[in-house]
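> how would this look folded up:
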Amino acid sequence: MARFGRPRCPRKVSGIPAVDYFKPRGIPLVDLETVQLKVEELESIRLVDLEGLNHEEAAKRMNVSRKTLWRDLKSGRKKIAGALTEGKSIQIKGGNFVTTEKRIFICEDCNNEWEEPHGTGRPKKCPKCASENIRRKKKVM
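Presented below is the predicted three-dimensional model:
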């Protein structure tokens, strides 16, 4: 079946969530139906319901129209409400998005810190001293 109309524009999200699965306690995962919440649906909920942004501000942050934000927000809220009331697990996965998240790495030999865009893979060497003794800096919330 051919799909017609405009292609979906990717939503800008602040990052991929560290926790991507929730389930009711005491029920084995194999016995649960799972609802898939898209990353951009979670981002719209985070911006509006958690950060308290109005729809116009949240839409600007995500680089979409207010109508698109509203659709993602409505869809995400419905999925979460359904999962909570019907005892389903929630998996945060997929969607059509780009991330603005950067990862920070530290060289253990020269203490150099630098950023790498998310999704570019782990660097092989420190850009300052070429040491391979590097690690990712833990996020501070």
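
> going forward, measure contacts between C-alpha atoms and count neighbours the same way
Fine.

> contacts for the lengthiest helix in the chain, please.
The residue-count maximum for a helix in the chain (DSSP state H) belongs to helix 66-86. The contact list for helix 66-86, computed with CA atoms under 8 Å, 6 or more residues apart in numbering, reads 34-38, 40-42, 44-45, 55-56, 58-59, 62, 88-90.

> the residue nearest to the spatial centre of the chain: which element?
The centroid of the chain falls nearest to Ile16 when counting by CA atoms, centre = their mean (2.9 Å). For Ile16, there is no host helix or strand (DSSP states H and E).

> please enumerate the helices of this protein.
With DSSP H as the criterion, the chain has helices spanning 39-45, 55-62, 66-86.

> quick one: average pLDDT of the shortest one?
Averaging pLDDT along helix 39-45 yields 97.

> quickly list the domain ranges of this structure.
11-99, 102-136 (automatic domain parsing).

> deepest of those domains, which one?
Across the domains of the chain, averaging neighbours per residue (mean count of other CA atoms under 10 Å) puts domain 11-99 on top, at a mean of 17.

> excluding chain neighbours, what is closest to the residue of the chain most remote from its centre?
What lies farthest from the middle of the chain is Cys129; by CA atoms, centre = their mean that is 32.7 Å. Nearest residue to Cys129 in three dimensions, chain neighbours excluded: Cys110, at 7.0 Å (CA to CA, 6 or more residues apart in numbering).
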